[in-house]
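[1] Here is my input, please return the structure:
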Amino acid sequence: MMHKYKNSEAKSCLIDKHIVFLGDSRIRQLFYSFIKIINPQIKEEGNKHGNIPFEDKSASIKVDFLWYPEVNGSMRQRIKSWTEGSVAKPHIIVAGAATWSIKIHNGSNEALTQYKINITSIAPLLEKLAKSSDVYWILQDPVYEDMLSESRKMITNEKIDAYNEAAVRILNSSSRNSKAKVKVFSVSKLIAQETIMKSSDGLHLPESSRDMNAMILMNVYCNKIMKPIDGSCCQPQPPLTLIQKLAFCFFTLSIIGYFVISLIHRNNYRKNKSCTDLEIGEEKKPTINTPSVSTLEMLLHCFCKLGLIMTYFYLCDRANLFMKENKFYTHSSFFIPIVYILVLGVFYTENTKETKVLNREQTDEWKGWMQLVILIYHISGASTFLPVYMHIRVLVAAYLFQTGYGHFSYFWIKGDFGVYRVCQVLFRLNFLVVVLCIVMDRPYQFYYFVPLVTVWFMIIYATLAMWPQIVQKKANGNCLWHFGLLLKLICLLACIYFLSYSQGAFEKVFSFWPLSKCFELNGNVYEWWFRWKLDRYVVFHGMLFAFIYLALQKHQMISEGKGDPLFSSRVSNVLLFISIVSFLTYSIWASSCKNKAECNELHPSVSVVQILAFILIRNIPGYVRSVYSSFFAWFGKISLELFICQYHIWLAADTKGILVLIPGYPMFNVIVSTFIFVCVAHEISQITNDLAQIVVPKDNSTLLKRLLCIAGFFSGLLFFSAMQEQSRH
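    Below is the predicted model:
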């Protein structure tokens, strides 16, 4: 993967550095592309056949182009002056030349022989410089022979290959086992093989190709300094942190413990196995019953599987074992897979068990197809296409709408505000993310969606649980309680409005320790404020919709029978027409967006339009409400795990790129990595459900003890995290 360096990043990397480009017109082109990364406003001016200086005083960066079109005595003398200390040696040296030698000597074999002699004489000097500086030798790019002028016809690809072969063979020949070597830069040659036919003269690369070469050169040098997450080239594997080491020890002990207990149980089972009475030919029963799986064994089994899965996560996205590639968006890479999954979803259509609005099967289906669309959006890099981005923002908002709708409905109908319910929800939401924060060394806020739904769940709980607790059973006895609940919702809306327009107040709330440890990213909570603000009203909309729907249902103002329209035929048709128009109007508006910032500003207020339109279109016709896609519903049941796991084992470099398990076969690679990714997500869902039953018991006294243990665990985690921060500083 290649990181695209901004000029500020380039300056940070190259501060107080002196870089020299040494060579012919092709090296001059690379020089200009390189300094344009530092200063995009620079123009290609100056003597083409002379030295060209560049300086950025703000970062004390000096970049010089020195005109040496041939590898000869003059080039050797310049390089020698750096090795002798008479002139300050550059920090980075980029050199290369050959085409002028071919041209001037008319492609003669004698010129090639002299080139070998000359490069042999400068090779030890370059190798000596490589001990203290970064030295790159640029191999010669191929030419497009049909486009060369008559004066350059002697520059053939056969000659260029011969010169490149000589350079590769001679450079580093005296330091084979040394760490300090001249780095042979061959990627330019590979790029040129694909793009040289777009050249204006057959010799010089098109601008896009040389810009890419300059960016690769920047990656080669700067990645080890800046350590960008999406720059997988040329940086060492990050060392294991103390917390990661402790996690791997824990998982290793869990695996060993599970196998030991399984072996003991298997031996006990064999000893007590029923045997056949040889005299009467009947089977005797064991005196001791076969022991059932203990809680400890089940716990170790879960951690054993989880340990193996986390090892796969680490190998995919932290170790340098697998390659990673950049995303490149095309309309076909996004829309064709969308069509495929829609066809599959329609093919697996079944009847629902119940026909209520937003029943469990329907919400699972909704989550499922939205999650699949979001996955395709991420792997195709479609965020660069604004209309798609705006529609995906609605899908994320729809998840949060379901959060408001689902949790409000539960608390309103059940009236269960017990600790068990809260702990179950928090555990299921956060378990995988907490484990990944430990194993992958990432902050909690990095997996932004889980903090988002966690905080909104706690806000919904606090709103409904605080005095006076108003639930459906109480409100049925006195209608005034409905107004009390509406007053609570209005107060919630006022708080949301205040925090969204007061960044200072929001930051104060979430900057208190230890909350700041959860919500800070890159040392501040701005990213958290931005994410929260982007969909700030949609959870409230979900709660309000649930309240109105349940009130209509209670007063039998809607018909939810199988095949029946939700309202009378006339009202249903009018609402259906309004919904379709509203849905299409939002899509037209989103597709006409020109500025992401402006559209994001309007999104919190208008996203509910398309969400409500979809709900009405999906539920007003009885025959549509009575069926669902089991294909989408299956994915909906593991949607949270799919969303989180994609960060590291489907995408790569923390979603910046794509994981490459099988290089050279992109389609086969996607099929294999997707299969593994979905299986892992499903398995983690099962592990989370099993552990939730063990870690969060229904008995209050046992639950209290577990909560104290969890508090101790997080206290230890904060302590070790503080130790890590101190050691890093």
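
[2] what's S132 in contact with, if anything?
    K89 (Cβ atoms under 8 Å, 6 or more residues apart in numbering). C-beta coordinates here come from the backbone N, C-alpha and C atoms, glycine included.

[3] typed the wrong thing, it's L429
    Contact analysis of L429 by Cβ under 8 Å, 6+ apart lists V450, V453, T454, F457, L640.

[4] Just the buried residues of those residues.
    Buried subset of the contacts of L429 (neighbour count, 16 or more other Cβ atoms under 10 Å): V450, V453, T454, F457, L640.

[5] could you dump the residues you listed to JSON lines with secondary structure?
    JSON lines is the format used below for the buried ones among the contacts of L429 (DSSP: H, G, I helix; E, B strand; the rest coil):
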{"residue": "V450", "secondary structure": "helix"}
{"residue": "V453", "secondary structure": "helix"}
{"residue": "T454", "secondary structure": "helix"}
{"residue": "F457", "secondary structure": "helix"}
{"residue": "L640", "secondary structure": "helix"}
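
[6] Among the residues you listed, which pair sits farthest apart?
    F457 and L640 (12.6 Å; Cβ to Cβ).

[7] residue contacts, the nearest residue to N7 once chain neighbours are set aside?
    Excluding the flanking residues, the one nearest N7 by Cβ to Cβ, 6 or more residues apart in numbering is I38, at 5.7 Å. I38 makes contact with N7, A10, K11, L14, F54, D56, A59, I61, V63, according to Cβ under 8 Å, 6+ apart.

[8] what's the neighbour count on the first one?
    N7 has 15 neighbouring residues, counting by other Cβ atoms under 10 Å.

[9] residue contacts, it?
    I37, I38, N39, P40.

[10] what would the contacts of L429 look like in JSON lines with distance to R270?
    Converted to JSON lines, the contacts of L429 look like this (distance: Cβ to Cβ, whole Å):
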{"residue": "V450", "distance to R270": "45"}
{"residue": "V453", "distance to R270": "48"}
{"residue": "T454", "distance to R270": "47"}
{"residue": "F457", "distance to R270": "48"}
{"residue": "L640", "distance to R270": "41"}
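
[11] ok, of the residues you listed, which one's closest to P90?
    Using Cβ to Cβ, the contacts of L429 come closest to P90 at V450, 48.0 Å.

[12] Got phi/psi on the one residue sitting closest to the centre of the chain?
    Nearest residue to the geometric centre of the chain (Cα atoms, centre = their mean): T655, 1.6 Å. Per-residue torsions, T655: phi 80, psi 0 (degrees, to the nearest 10).

[13] Next, the closest residue to it other than its chain neighbours: secondary structure please.
    Of all residues not flanking T655 in the chain, Y647 sits nearest, at 5.3 Å (Cβ to Cβ, 6+ apart). Assigned with three-state DSSP, Y647 falls in the helix class.

[14] that older thread, contacts only, for the residue nearest to the centre of the chain.
    Taking Cβ under 8 Å, 6+ apart as the test, what T655 contacts is H378, Q646, Y647.

[15] A helix includes C234, no?
    No: assigned with three-state DSSP, C234 falls outside any helix and is coil.

[16] Tell me the confidence at Q193?
    Predicted confidence (pLDDT) for Q193: 89.

[17] neighbours of N157, just the number please.
    15.

[18] dump the residue contacts of it.
    N157 touches P142, V143, E145, counting by Cβ under 8 Å, 6+ apart.

[19] was I right about the second one contacting I160?
    Yes: if you go by Cβ atoms under 8 Å, V143 and I160 touch, sitting 6.8 Å apart.

[20] the more surrounded of the two?
    V143 (24 against 20).

[21] Just the element for the more buried one, please.
    For V143, there is no helix or strand it lies in under DSSP states H and E.
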